[in-house]
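# Next input, structure requested:
(one chain, ligands or ions: 1)
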Amino acid sequence: MATFRLELVTAERMVYSDDVDMVIAWGLEGQLGILPHHAPLMTMLQPGELIIKKDNEETYMAVSGGFLEVRPDKVIILADACERAEEIDLARAEEAKRRAGEIMEAPSPETDSAAAEAALRRSLVRLKVAEKIRRKRGQRQRSLRE
Ligand code: ATP
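From the prediction side, this is the model:
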């Protein structure tokens, strides 16, 4: 099966670099599936789940926004922040969600509601991705036992 090179980086680190079958990301206008030989494209990403498919395996990540570029030779994702599902600290994401919710419920001149809303979205994506991988692990363990 045809593959293409994916490089996923943040300002801090190279998160992922490999040949893959497909990438699914959240562009500004909705979910976007990239397969080999996709036409050149440049789009901003919104906070959302990123799915990488390779050899019948799916890798799940939380992306906080950034850019995706499809080049003839590779696909580059420059993410504001990005964590593999296994790296997500659930307690930290819950705390970020709680803090953001508090600010949004009681806006004041000293607080930044737009920043709180963005923080809330990041935390919700992290929670969703972490929860998904937990569910999938549970399913796999159950089917191994049966
Ligand atoms: P917090 O308020 O908890 O710092 P945040 O949304 O403001 O959350 P970001 O600015 O998006 O955090 O990310 C800062 C760094 O912390 C990045 O390297 C990001 O990958 C990491 N990070 C943020 N939240 C989590 C989390 N829940 N689990 C693991 N890493 C996280």
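
# Quickly find the element holding residue 129.
In this structure, residue 129 is located in helix 113-145 according to DSSP states H and E.

# could you pull out the helices for the protein?
Residue ranges of the helices in the chain, as given by DSSP state H, are 90-105, 113-145.

# Could you list every helix and strand that the last one packs against?
Counting by 3 or more Cβ pairs under 8 Å, 6 or more residues apart in numbering; DSSP states H and E, the packing neighbours recorded for helix 113-145 are strand 48-54, strand 57-63, helix 90-105. In this view, the C-beta of every residue, glycine as well, is placed from N, C-alpha and C.

# pLDDT of the helix holding residue 129, averaged?
Summarised as a single mean, pLDDT over helix 113-145 is 92.

# Now that helix: buried residues?
116, 118-130, 132-133 (16 or more other Cβ atoms under 10 Å).

# got it, and stretch 42-52?
Neighbour counts using 16+ other Cβ under 10 Å place 45, 46, 47, 48, 49, 50, 51, 52 of stretch 42-52 among the buried residues.

# Start and end of it, how far apart?
Using Cα to Cα, to the nearest Å, the span of stretch 42-52 from its first residue to its last is 18 Å.
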